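Colleague: dropping a prediction and its sequence here:
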Amino acid sequence: MTHSVFIGDGRVVVPVATYDLYLAGASSAALVERDGQIFLVPLHGPTAGGMLLKQRNVLGDRVLLAADFLAERGLGRFTPERPCAVRWVAEAGGLLIEGMT
C-alpha cells in the first residue's frame, strides 16, 4: 500500500492510515528541507515544539498548518490540494514527501 499526504491551501493533510503507521502518538511535527528534499518529522512530548498535528475529522486524519513554509516553495494559499507519496527515511527520522518541490 502506498501512503501519501495531501499538500495545498497552506496545509499538509495526513490521512489516518499514514498517521497511524508513521506518526502515531506525535502531537506535533516539523517540516524540514534537506538537500532539496522535504521531510515531515514527528515530534513527541509537550516541549518538542514544531507545528501542531491537529485532528481534522472524526476519522482521525491530521492537518499541519504550514502556510509560510509552503508559500516559500511556491505552494501558497489557494494552491489546489494534491496528493504526494511519502516514505519513511530512517536516517532523517521522518517521512520524505515525494514530488512536493
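Modeller: It's in.
Colleague: elements contacting the lowest-mean-pLDDT helix or strand in the chain?
Modeller: Taking mean pLDDT, DSSP states H and E as the measure, the chain has strand 51-52 as its least confident helix or strand, at a mean of 88. The helices and strands touching strand 51-52, judged by 3 or more CB pairs under 8 Å, 6 or more residues apart in numbering; DSSP states H and E, are strand 28-34, strand 62-65. (Glycine included, C-beta is placed from N, CA and C.)
Colleague: buried ones in stretch 39-55?
Modeller: The neighbour-count check on stretch 39-55 (16 or more other CB atoms under 10 Å) flags Phe39, Leu40, Val41, Pro42, Leu43, Gly50, Met51, Leu53 as buried.
Colleague: count the residues that sit near His22.
Modeller: Slight slip there: residue 22 is Tyr, not His. Neighbour count for Tyr22, taken as other CB atoms under 10 Å: 18.
Colleague: can I assume it sits in a strand?
Modeller: No. With DSSP: H, G, I helix; E, B strand; the rest coil as the criterion, Tyr22 is assigned helix and is not in a strand.
Colleague: quick check, it in contact with Arg87.
Modeller: No. Checked against CB atoms under 8 Å, the pair Tyr22 and Arg87 is beyond contact range at 9.1 Å.
Colleague: ok so, going back, would you turn the helices and strands packed on strand 51-52 into JSON lines with mean neighbour count, distance to Gly99 and mean pLDDT?
Modeller: As requested, the helices and strands packed on strand 51-52 are arranged in JSON lines below (neighbours: other CB atoms under 10 Å; distance: least, CB to CB, whole Å; pLDDT from 0 to 100):
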{"stretch": "strand 28-34", "mean neighbour count": "17", "distance to Gly99": "14", "mean pLDDT": "94"}
{"stretch": "strand 62-65", "mean neighbour count": "20", "distance to Gly99": "17", "mean pLDDT": "95"}
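Colleague: could I get these as TSV with distance to Glu72?
Modeller: Shown next, in TSV, are those (distance: least, CB to CB, whole Å):
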stretch	distance to Glu72
strand 28-34	9
strand 62-65	14
